[in-house]
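> task: produce atomic coordinates for the following.
(one chain, ligands or ions: 2)
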Amino acid sequence: MSAPDVVLGSGSGGKMVAQQLAEAGRSVVLVEDGLVGGYCPYLACVPAKSILLSAHHGLSWVAARAVRDDAAAHRDDAAAAQALRDLGIRILRGRGRVVAEPGTDAPGRIEVTFPDGGTETVEAGLLVLGPGSHAVAPPVPGLDEAPTWTSEEALAADELPGRVLVLGGGAVAVESAQALQRLGSRVTLVQRGEHLLSGEPAWVGETLAGALRADGVEVHVGTTSERVTRAADGWELHLADGTRLGTDRFLLATGRVPSTDGLGLDDRWLREKGAVRVDARCRVVAEDGEVAPEMFAVGDVTGIATYTHAANHQARTVVGEILGRGRDADYSGVPRAVYTSPPVFCVGDTSGEGTRSARFDLADVERAALLETSQGRTIVGGVELFVDDAGVLVGAAAIGEEADAWGAELSLAVRARLDLDLLTHHVRAFPTWSEAILPPLEELRGRTADQAR
Ligand SMILES: Cc1cc2nc3c(=O)[nH]c(=O)nc-3n(C[C@H](O)[C@H](O)[C@H](O)COP(=O)(O)OP(=O)(O)OC[C@H]3O[C@@H](n4cnc5c(N)ncnc54)[C@H](O)[C@@H]3O)c2cc1C
Ligand SMILES: NC(=O)c1ccc[n+]([C@@H]2O[C@H](COP(=O)([O-])OP(=O)(O)OC[C@H]3O[C@@H](n4cnc5c(N)ncnc54)[C@H](O)[C@@H]3O)[C@@H](O)[C@H]2O)c1
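Numbering: from 1, shown residues only. Ligands and ions are numbered 1, 2, ... in the order given. Modelled structure (predicted):
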């Protein structure tokens, strides 16, 4: 009998691979040392979105916590594990380590260490790596003595601290800051980068900072944290400019790194920060192009696009490759959504390097005027579109009401490499937020025509 397929890590990517391979009739062993399903359903996306929705709807902390715990299945993975077992998958609940990588004519060997210290070694006909990523604490002297939360700990917490200091300015930081502030904490956010969401255009981060400040969050950007000390009423963060910020607890949101330490992988498969290098079929490869036989990787560990929807795309790519209907992964249209109020939606190349862009204010579409007259609301936000020399849409950044929904059009347009001509002639419903997409297209088209003259 040939050796089974072994999937190491059952997060968004690994679980989908295991499930689809088993459904295709293959023999699958799944190795997981945490919760079956990984972080997303229990300790990341789902509870984070649940708590944000509750905060946006004005629920109390106690009510929001109850809704969060229901949404996260009370961090109980029994049903998820049983559903996989029903497909014939063997689940080994322990920490996996690669003892021998699969070869062209010999199976690999994975050693699993169980919580009681016992071990079992399983053969792997092929190996799919999906160990995910984990949060890293920034190197601020004194921080290790203070009470801290990673996002996982925050999203499983029973208590709401009176004051929280969020370190970081990415998706975890801004979503957590808004949720905790709206639920009753006094939140301070300290971002080292020049603006929030440092990978996106500055105006997006600045608009978001304005929204957080309007909620009461104290936002500091472009700062260096020097040290943490104890104070009479809690803890203090000292900034380089001498400012001292008091808090009861720190939330560490300064990024995550791939979980490849101790995994037993040869260094030649790893790239910077320990991510596993993969090709377009998610096969593990070395820098010189050597392909590891029968070894694949999916999810955050690849360091390509650290989202559940990207992990799922990679999982489908791996399954397709294994089942002989292979197709390259394509990350060009992977959405980068942040579920704050207002939400953010970015896709493709928004760096502004080598592209032309035009921006439009959401307040200038009819939908905004309607909300202003009917509900007395002031609309903030906008959309910026980026095109290459050939007039093809290569990136988009949006922040504003429901941007996480209407941005999907831009994501598909980037993926399909639609050009200004087609996008300008496309008809969008009146009066919707999508109408904000046409004016920047027309502006860019006008500029293209001017250049052609
Ligand atoms: C607070 C927060 C909110 C987020 N919100 C969103 C969102 O709204 N939308 C979105 O798309 N993405 C979101 N993300 C990102 C998303 O959670 C990740 O991209 C996704 O979970 C990655 O899945 P993965 O397949 O890499 O596996 P992971 O979910 O990282 O799971 C990996 C699993 O492997 C196990 N494992 C690791 N090493 C071993 C080993 N040696 N042996 C056995 N098991 C091992 C771990 O226990 C874990 O269960 C969020 C992340 C965070 C932190
Ligand atoms: N809505 C979503 O899809 C969603 C939500 C949450 C998280 N995620 C994913 O989770 C991953 C982790 O998110 P994240 O926000 O932790 O990381 P991140 O890498 O996106 O952002 C980290 C931020 O912390 C800042 N920073 C770094 N060191 C600092 C320091 N010492 N002091 C202050 N600021 C510092 C950086 O400037 C950066 O802006 C991301 O890959 C993200 O895609 C996605």
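
> mind checking how far whichever residue of the stretch 101-250 of the chain sits closest to ligand 1 is from residue 88?
Using CB to the nearest ligand atom, the single residue of the stretch 101-250 of the chain nearest to ligand 1 is residue 132, 2.0 Å away. C-beta here means a position set from N, CA and C on the backbone, and glycine is covered the same way. Distance, residue 132 to residue 88, by CB to CB, to the nearest Å: 24 Å.

> out of the two, which sits in the busier spot?
It is residue 132, of residue 132 and residue 88, that has more neighbours when counted by other CB atoms under 10 Å, with 25 against 12.

> per-residue confidence for the closest residue to residue 221 other than its chain neighbours?
Residue nearest to residue 221 in three dimensions, not counting chain neighbours: residue 191, with 4.7 Å by CB to CB, 6 or more residues apart in numbering. Looking at residue 191, its pLDDT stands at 98.

> show me where the stretch 301-450 of the chain has its helices.
Ranges of helices within the stretch 301-450 of the chain are 308-322, 366-375, 403-406, 408-415, 420-425, 438-452, based on DSSP state H, counting those that start in this stretch.

> who wins for proximity to residue 345 among these?
With CB to CB as the measure, helix 403-406 is the member of these nearest residue 345 (4.3 Å).

> let me see the mean pLDDT of that closest one.
If you average the pLDDT values across helix 403-406, you get 98.

> who are the packing partners of that helix?
If contacts are counted by 3 or more CB pairs under 8 Å, 6 or more residues apart in numbering; DSSP states H and E, helix 403-406 sits against strand 344-348.

> between the strand it packs on and helix 408-415, how many degrees?
Going by axes from the mean of the first three to the mean of the last three CA atoms, to 10 degrees, strand 344-348 is angled at 10 degrees with respect to helix 408-415.

> contacts only, for the spatially most central residue of the chain.
In the chain, the centroid-proximal residue (CA atoms, centre = their mean) is residue 307; its distance is 3.7 Å. With contact set as CB atoms under 8 Å, 6 or more residues apart in numbering, residue 307 has these partners: 334-336.

> which SSE is residue 128 in?
Assignment of secondary structure by DSSP states H and E places residue 128 within strand 126-129.

> other residues contacting that strand?
Contacts for strand 126-129 (CB under 8 Å, 6+ apart): 5-9, 14, 17-18, 98, 101-102, 108, 110, 263, 265, 276, 284, 294-298, 301, 318, 322.

> which helices and strands sit right next to the host helix or strand of residue 178?
In this assignment (DSSP H and E), residue 178 forms part of helix 171-183. On a contact count with 3+ CB pairs under 8 Å, 6+ apart, helix 171-183 meets helix 45-56, helix 151-154, strand 163-167, strand 186-191, helix 202-215, strand 249-252, strand 336-338.

> how about it, does it reach ligand 2?
Yes. On the criterion CB under 6 Å from any ligand atom, helix 171-183 is in touch with ligand 2 at 171-173, 175.

> filter these by proximity to ligand 1?
Applying CB under 6 Å from any ligand atom to these, those adjacent to ligand 1 are residue 172.

> ranking the residues of helix 171-183 next to ligand 2 by neighbours, who comes first?
Top of these by neighbour count (other CB under 10 Å): residue 173, with 26 neighbours.

> isn't it right up against residue 189?
Yes. Residue 173 lies in contact with residue 189 (CB atoms under 8 Å); the separation is 6.0 Å.

> overlap of the contact sets of the two?
Here residue 173 and residue 189 share the contacting residues 166, 196, scored by CB under 8 Å, 6+ apart.

> near ligand 1, which residues of the stretch 301-450 of the chain are found?
By CB under 6 Å from any ligand atom, the part of the stretch 301-450 of the chain that sits against ligand 1 consists of 301, 306-309, 311.
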